[in-house]
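1. here is the input, now give the coordinates:
(2 chains)
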Amino acid sequence: MKTLRECRPNQKVTVVKIHGSGPVKKRIMDMGITKGVEILVRKVAPLGDPIEINIRSYELSLRKADAEMVEVK
Amino acid sequence: MKYALVGNPNCGKTTLFNELTGSSQYVGNWPGVTVEKKEGKLKGRKDVIIQDLPGIYSLSPYTLEEVVARNYIVNEHPDVIINIVDATNLERNLYLTTQVMELGVPMVIALNMMDVVRKNKDEINVKELEKRLNCKIVEISAVSGEGCKELMEAAHQLEKQRAQKYLKYEGELEKSLEEVSALIDGKFEHHLLRWYAVKLLENDEKVAEEVELSESIKNEISKIRTALEEKMDDDAESIITSERYERIGSILKNIYVKKNQSNLSMSDKIDKVVTNRWLALPIFVVVMWLVYYISVTTIGTWATDWANDGVFGEGWHLFGIGTSEYEEDAAAYSRADQILSAASEGETTVIIYDDEDVEIETVAITDSVVNEAETIVEAGEPDTSEYGIWVPGVPVIVGDVLESAGVADWLYSLIIDGIIGGVGAVLGFLPQMMVLFLLLALLEDCGYMARIAFIMDRIFRKFGLSGKSFIPMLIGTGCGVPAIMASRTIENDRDRKMTIMTTTFIPCSAKLPIIALIAGALFNNASWVSPSAYFVGMAAIIVSGIILKKTKLFEGDVAPFVMELPAYHMPKAKGVLLHMWDRSKAFAKKAGTIIFVSAIVLWFLQGFNWQLEMVDNNESILASIGNAFAFIFSPLGFGNWKATVATVTGLIAKENVVSTFGVLYGFAEVAEDGVEIWGTLASEYTMLSAYSFLVFNLLCAPCFAAIGAISREMGSAKWTWIAIGYQCCFAYAVALIIYQLGTWITTGVFGIETIFGIVVLAGLLYLLLRPAKKSE
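-> This next block holds a predicted model:
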């Protein structure tokens, strides 16, 4: 299973499934990370975490620990 | 009439609010939480109150802002909802819109930033979108005010109208929702039926707690939910979220036509540099240095000095005219004075010091030098008011009036030291605060604030703080009051509370005299004392962060750090200034009251004895209280009443600790670092007890001004007391450990109090190292 965490900057991926449960999952999905959506990984923060992605034509940052919940292909 | 503004963060909601209400704004907190509440009267229609709801992305039960917003709509029944939608980010903005529609309140969509869309040569088919959403849409540009009149007309039309229609879903989900609706029909107000159906199907914890339904209905609903979840292989909440976005996708089909697909926007280009892997940190350091330099080192301090020493002090030179001439003459006078006093003692040379005790020159004493000095001294000490355009300070003006009226001593003191002193304590902070608020508003408005969180998150989240906590801590080295107010920029309630509680651990500039006093009196001005104070402050923040994070107060749902990085844009002068004005006003009102009252109470306590006679500090009520409580501090090594009273007067302003010591040891006035009493202190204190005193005073409750700011920002008395209580207990524990274990290690004396110290240390280590409870 490949997750958003492992993606490199400038990689384009599609969301397969959001794992986990509760507030974090809800928040991630509220921000538009839902099944089938396209994500462009922009960059990793200077200290190695969090990451910045482009989704639904806006910029979003999330921690690697949370990005791990997002299965992509 | 009540209109509620609802929208995502960064969609231009605040700008629209300012545009609609003008200057009639009330800024406060929602009851019991640190979420900002703003309302104002509509310009031109005083019967309409506009309620600005917190910027939110969704109506989930997981963040305070979202709960505040949805409770307001459900319980307070606004007449019309104005939903602001950022046209450049339609998909995500409409996600909230679809949820708000379900609340059944008449709604109009304000489609903001249409000017930007047109500038990009993109097109939005607004007529078609209006039809598909079944909701009135008005195109506006909040920045230029374009379309706001039409928007208000549309809202006016909607008052007393039928409820807003909601969007239907497809297939299984809609079927399940209809089943739930049928079950609960009649149990709620009709327009809220869909909202409750969705929330009950989602199994929203807050709604489930609030509504009263029979067990059988609850069971029915959970059966429907389980069936849906099995069919769609996900939890109900996620199914609904996904379906919403699907539905929005289908609504937006062929509505939004983008001209240039792949081009990087201006904002993307800026971000390529500003959050670049290698450049981000240097740029961050430069920006922070600028913020600090402007708000603390230069303009901010000038403003504070002017307010405190000028307006609420002796007075000031208008536009600085005459200041430099006066300073020259004053320096010449002081030089002459030093020469004469050396000459009278028969010295042959004299070292001249300036007013900050810095050596300037060595002068050989000759007759001509003495003669020259005599002429200068005979001419009299220069008087500032005779130079340039002198504006006397408020206390001077009022004092003259009172003296000529011949009022009683106590009344004079009440007005000058109590009331004017109290007002001065509040307003003295305002100029610096305004400078800081201006900078913060600029950082927020241009979009850099979000990048700060992005850059610093990794470090700060380890101890329960936000990346944005950096700014309050930085400002805290100057003054704790603006620092606490700066925590306003942190969105997350827990992070914000934690920041408010820990920021004042950083030694502010008013604590520097205490450090100088202890370093000078006991440590022979050793160079490590002052850095160690900052180290203690930072360690206190880190340790407190880790401890507090694990306590009941802060445990529970950890807010995920999933944050939008809004597009950069040019800050608008009007918005930035209004922002600054609002925050300054809120500070003066809320924090001001507390600061003012405490200043008067303390004025009374330290100026009077129990017989209500005016006495010196050391015979006052305060002194006797200090005496009674001194024993509390004896395990810390400074259980004498002087230290206790000094600590208490530190609550007015931390630099008072030094001057109070001066007074208590019999000096009318001492230098800022208290050099006169170094000798006495050195004989009464050991290095350990002095350092313990220093640490306690650095970490314990801050001055009243900062306490006022804490209470303003916490928005609840309970949390204010928790913060202050925690700070005092923590300070006590650390000072105790330092003194008791230090004494044991250095002298080998082991007593009951040593055991006490060890127990406290063990307790602290336990709180620090215990595993965090995993929350569901």
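
2. residue ranges of the helices in chain A, please?
-> A:22-30, A:64-67 (DSSP state H).

3. among the ones you listed, which is nearest chain B?
-> Closest approach to chain B among the helices of chain A (C-beta to the nearest C-beta): helix A:22-30, 4.0 Å. To be clear about C-beta, it is placed using only N, CA and C from the backbone, and glycine gets the same treatment.

4. can you list the buried residues in that closest one?
-> By neighbour count with 16 or more other C-beta atoms under 10 Å in any protein chain shown, helix A:22-30 contains the buried residues A:Pro23, A:Val24, A:Lys25, A:Lys26, A:Arg27, A:Ile28, A:Met29, A:Asp30.

5. who does it touch, helix- and strand-wise?
-> With contacts defined as 3 or more C-beta pairs under 8 Å, 6 or more residues apart in numbering or on different chains; DSSP states H and E, the packing partners of helix A:22-30 are strand A:12-18, helix B:236-252, strand B:562-564.

6. so is the helix or strand hosting B:Ile455 next to chain A?
-> In this assignment (DSSP states H and E), B:Ile455 forms part of helix B:448-460. Yes. Contact of helix B:448-460 with chain A (C-beta under 8 Å from any C-beta of the partner chain) involves B:Phe454, B:Ile455, B:Met456, B:Asp457, B:Arg458, B:Ile459.

7. how close does B:Phe17 sit to chain A?
-> As for B:Phe17, its distance to chain A is 22 Å (criterion: C-beta to the nearest C-beta, to the nearest Å).

8. what sits closest to that residue if chain neighbours are left out?
-> B:Asp52 (4.6 Å; C-beta to C-beta, 6 or more residues apart in numbering or on different chains).

9. so what's that neighbour bridging to?
-> B:Leu5, B:Lys38 (DSSP bridges).

10. neighbours of it, how many?
-> By the criterion of other C-beta atoms under 10 Å in any protein chain shown, B:Asp52 has 24 neighbours.

11. B:Thr297 now?
-> So B:Thr297, with other C-beta under 10 Å, has 12 neighbours.

12. what about the nearest residue to B:Lys43 once chain neighbours are set aside, how many neighbours?
-> Of all residues not flanking B:Lys43 in the chain, B:Gly22 sits nearest, at 4.7 Å (C-beta to C-beta, 6+ apart). Under the neighbour criterion other C-beta under 10 Å, B:Gly22 is assigned a count of 13.

13. confidence score at B:Gly22?
-> If you check B:Gly22, the pLDDT there is 81.

14. residues from chain A in reach of chain B?
-> Counting by C-beta under 8 Å from any C-beta, chain A comes close to chain B at A:18, A:21-32, A:34-35, A:37, A:42-50, A:52, A:56-63, A:66.

15. go ahead and build a ChimeraX selection from the buried members of the residues you listed.
-> In ChimeraX, this line selects whichever of the residues of chain A next to chain B come out buried by 16+ other C-beta under 10 Å:
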select /A:18,23,24,25,26,27,28,29,30,31,32,34,35,37,42,43,44,45,46,47,49,50,52,56,58,59,60,61,62,63,66
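
16. by mean pLDDT, flag the weakest helix or strand of the chain.
-> Unless you meant another one, I'm taking chain A. Counting by mean pLDDT, DSSP states H and E, chain A has its least confident helix or strand at helix A:22-30, which shows a mean of 89.

17. look at chain B instead
-> One helix or strand of chain B scores below all others by mean pLDDT, DSSP H and E: strand B:25-29, with a mean of 73.

18. the strand or helix carrying B:Ala762: which residues count as buried?
-> Per DSSP H and E, B:Ala762 falls inside helix B:752-769. Across helix B:752-769, burial judged by 16+ other C-beta under 10 Å covers B:Glu753, B:Thr754, B:Gly757, B:Val760, B:Leu761, B:Leu764, B:Leu767.

19. can you give me the buried ones in the helix holding B:Ile455?
-> For helix B:448-460, a neighbour-count test (16+ other C-beta under 10 Å) marks B:Tyr448, B:Met449, B:Ala450, B:Arg451, B:Ile452, B:Ala453, B:Phe454, B:Ile455, B:Met456, B:Asp457, B:Arg458, B:Phe460 as buried.

20. what residues does the first one make contact with?
-> With contacts defined as C-beta atoms under 8 Å, 6 or more residues apart in numbering or on different chains, B:Tyr448 is in contact with B:Val274, B:Val287, B:Tyr568.

21. can you check the third one too?
-> Taking C-beta under 8 Å, 6+ apart as the contact definition, B:Ala450 lies against B:Met563, B:Glu564, B:Leu565, B:Pro566.

22. nearest to B:Pro392 among those?
-> Comparing the contacts of B:Ala450 against B:Pro392 with C-beta to C-beta places B:Pro566 closest, at 48.4 Å.

23. what's the nearest residue to that closest one if we skip its chain neighbours?
-> B:Asn10 (4.0 Å).

24. now do B:Asn134
-> Nearest residue to B:Asn134 in three dimensions, chain neighbours excluded: B:Lys165, at 4.9 Å (C-beta to C-beta, 6+ apart).

25. can you pull the phi and psi angles for that neighbour?
-> Dihedral pair for B:Lys165: phi -80, psi 150, per degrees, to the nearest 10.

26. before we move on, the earlier item: for the contacts of B:Tyr448, give me a markdown table that also has pLDDT, secondary structure and neighbour count.
-> Formatted as a markdown table, these follow (pLDDT from 0 to 100; DSSP: H, G, I helix; E, B strand; the rest coil; neighbours: other C-beta atoms under 10 Å in any protein chain shown):
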| residue | pLDDT | secondary structure | neighbour count |
| --- | --- | --- | --- |
| B:Val274 | 90 | helix | 19 |
| B:Val287 | 91 | helix | 16 |
| B:Tyr568 | 89 | coil | 20 |
